[in-house]
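The following block contains a protein sequence and its predicted model.
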Amino acid sequence: MMGTEMAASRHGLRVMVVDDDITFRSFFLRACARTGWVPLAVDSPERALAAMESFAPHLLFLDLSFPDMDGLTVLSELVPRTGEVSVVLSSGCDPEVLRSAKRIGERLGLRMLQPLTKPVTGEEIRAVLSTFETEGHSITPAVIEQALDDEVMRLHYQPKLCLKTRRYLGAEALIRWPIGGGMISPARFIPVVERDERLSLRLLTYVLERAVADADAWKQGKTRCAINMSALCLAEERLADTLSNILRDSPLTPSDFTLELTETASMKDPDRVERVLTALRIRGFAVSLDDFGTGHSSLLHLLRMPFNEIKIDQQFVATLLSNPRSRQIVRLVVNLGQTLGASTVAEGIEAEAEAEELKDMACDVGQGYHFARPMPPDALQDWRAQWKSSVSDSNLSSTA
Ligand code: C2E
Ligand code: MG
Ligand code: MG
């Protein structure tokens, strides 16, 4: 398994520093060390412009004054040469001048980040790099592919519990992408994945492989691990075989897993969806319909698909106690589940009152911060031990 430091050194983001002061350049290179960034320091605007295409930096730290060319000219020369670069101006000149220079860059169409006033500390440089890692750069399929190749992504697990007995039934695996000191939110990269059929499938197999490796953490008797699956994966006719093959050399079987289908809007070919879902069921996988109530899933399609489980979207749970419409929708989904023979899961439970209400409405399973947040595998093991003793304690006291 790869350590965090090694993983960080593999994100492959490139930073170029353009400054005629050699002390500043070497200071900068030192600040970049062990951040995972690939740095290039050049002493003149000409060299910077010459290296722009081959080095293709994601981030550029640019001094404003040089003997032969000023920083503003560099900015205008940059425009035709760059695609994605973000620019941080760094200079000892008046902050007001720096701010104007930033505006000029923006008018040229460049992505200008907060400028730095010299003298700059190593801390300030590292802060710019780390902010950029987590929120600054556009996440492309190629960047995601690289992170998967490098095995940087990890799984966190969130428990799913029986609402009646509070027994642990298993956990949902949620992907986490650590980068530098931070984390890229799934909300930022999952939409990119879900536009690409091959990448969606790649992510699914990656997550299943990792969940197999983490089985000690989530497995306990008949518990299941839930894995999110984009509807694009259903384009693969042999999906059931592909997933079963991953389990072949492990002690786990398909019946240890639930596949949560996350996007149903793209169910262009309901016949194929039904075929692939049925093949998964025949193999023993359980299938769940995630975020029910938010997509454009047609009820007619739903009625013919072989789901074991329906997950009520968290927006209905969050407003359950305050909005009568949410209550009606939850009631409807629970009834629908009962009719279809599927269990119902409420996600995003944040309060005991919500858990109680959902139990009274005969919703089967609950998940949410009120019980536990998503956590790394080792923490889940500890949580399970603690949870088990607290549940058996409260059972004892309620029967006493
Ligand atoms: P989801 O499958 O509906 O997962 C539930 C999301 O709700 C998770 O967000 C979880 O951390 C969050 N959550 C759980 N309990 C609570 C709560 O009580 N309150 C609130 N406010 N939020 C709660 P996360 O981990 O950010 O994931 C977001 C979405 O990204 C997931 O929604 C899922 O659609 C997608 N996703 C995550 N991991 C994967 C993956 O491995 N593959 C695919 N295809 N999609 C994934
Ligand atoms: Mg899910
Ligand atoms: Mg959901």
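Great, that's in hand. Ligands and ions are numbered 1, 2, ... in the order given.

Check the gap between residue 326 and residue 351 for me.
According to Cβ to Cβ, to the nearest Å, residue 326 stands 14 Å off from residue 351. C-beta coordinates here come from the backbone N, C-alpha and C atoms, glycine included.

The residue lying closest to residue 22 once chain neighbours are set aside: neighbour count?
Spatial nearest neighbour of residue 22, excluding adjacent residues (Cβ to Cβ, 6 or more residues apart in numbering): residue 43 at 7.2 Å. Around residue 43 sit 17 other residues, with neighbours defined as other Cβ atoms under 10 Å.

list the contacts for residue 43?
Contacts for residue 43 (Cβ atoms under 8 Å, 6 or more residues apart in numbering) come out as 18-20, 22, 25.

Closest to residue 235 out of those residues?
Checking these against residue 235 with Cβ to Cβ, the nearest one is residue 18 at 46.2 Å.

The stretch 251-400 of the chain: strands as residue ranges?
Listed in chain order, the strands of the stretch 251-400 of the chain (DSSP state E, counting those that start in this stretch) span 257-261, 286-292, 309-312, 343-347, 365-367.

Can you confirm whether the second one lies near ligand 1?
Yes: among the residues of strand 286-292, 290-291 lie within reach of ligand 1 under Cβ under 6 Å from any ligand atom.

Okay, and the closest residue in space to residue 81 that isn't next to it in sequence sits in which element?
Nearest non-adjacent residue to residue 81, counting by Cβ to Cβ, 6+ apart: residue 52, 4.6 Å away. Assigned by DSSP states H and E, residue 52 belongs to helix 45-55.

Check residue 225 too.
Going by DSSP H and E, residue 225 is part of strand 224-229.

how about that strand: buried residues?
Neighbour counts using 16 or more other Cβ atoms under 10 Å place 224-229 of strand 224-229 among the buried residues.

Sheet-wise, list the partners of it with their directions.
Strand pairing for strand 224-229, determined by DSSP bridges: strand 168-179 (parallel), strand 257-261 (parallel).

Show me the contact partners of that strand.
Here strand 224-229 has contacts from 157, 160, 169-175, 204, 207-208, 211, 215, 218-219, 255-262, 286, 288, 290, using Cβ under 8 Å, 6+ apart.

which element follows that strand toward the C-terminus?
Next element after strand 224-229 (DSSP H and E): helix 239-247.

re earlier: keep the buried residues of strand 224-229, but drop any that are not near ligand 2.
Among the buried residues of strand 224-229, the ones lying close to ligand 2 by the criterion of Cβ under 5 Å from the ion are residue 228.

got TSV for the buried residues of strand 224-229, with pLDDT too?
Below are the buried residues of strand 224-229 laid out as TSV (pLDDT from 0 to 100):
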residue	pLDDT
224	97
225	98
226	98
227	98
228	96
229	95
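
I'd like the buried residues of strand 224-229 as TSV, with distance to residue 33 appended.
Shown next, in TSV, are the buried residues of strand 224-229 (distance: Cβ to Cβ, whole Å):
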residue	distance to residue 33
224	45
225	39
226	41
227	38
228	37
229	40
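
Filter the contacts of strand 224-229 down to the buried ones.
Here, 16+ other Cβ under 10 Å leaves 157, 160, 169-175, 204, 207-208, 211, 218-219, 256-262, 286, 288, 290 buried among the contacts of strand 224-229.

Those residues also near ligand 3: which ones?
Answer for the buried ones among the contacts of strand 224-229 near ligand 3 (Cβ under 5 Å from the ion): residue 290.

domains for this protein, by residue range?
2-136, 141-399 (automatic domain parsing).

before we move on, back to that, list the buried residues of the helix holding residue 52.
45, 48-49, 52.

Tell me what angle the lengthiest helix in the chain forms with strand 168-179.
In the chain, with assignment by DSSP state H, the single longest helix is helix 377-399. Going by axes from the mean of the first three to the mean of the last three Cα atoms, to 10 degrees, helix 377-399 is angled at 150 degrees with respect to strand 168-179.
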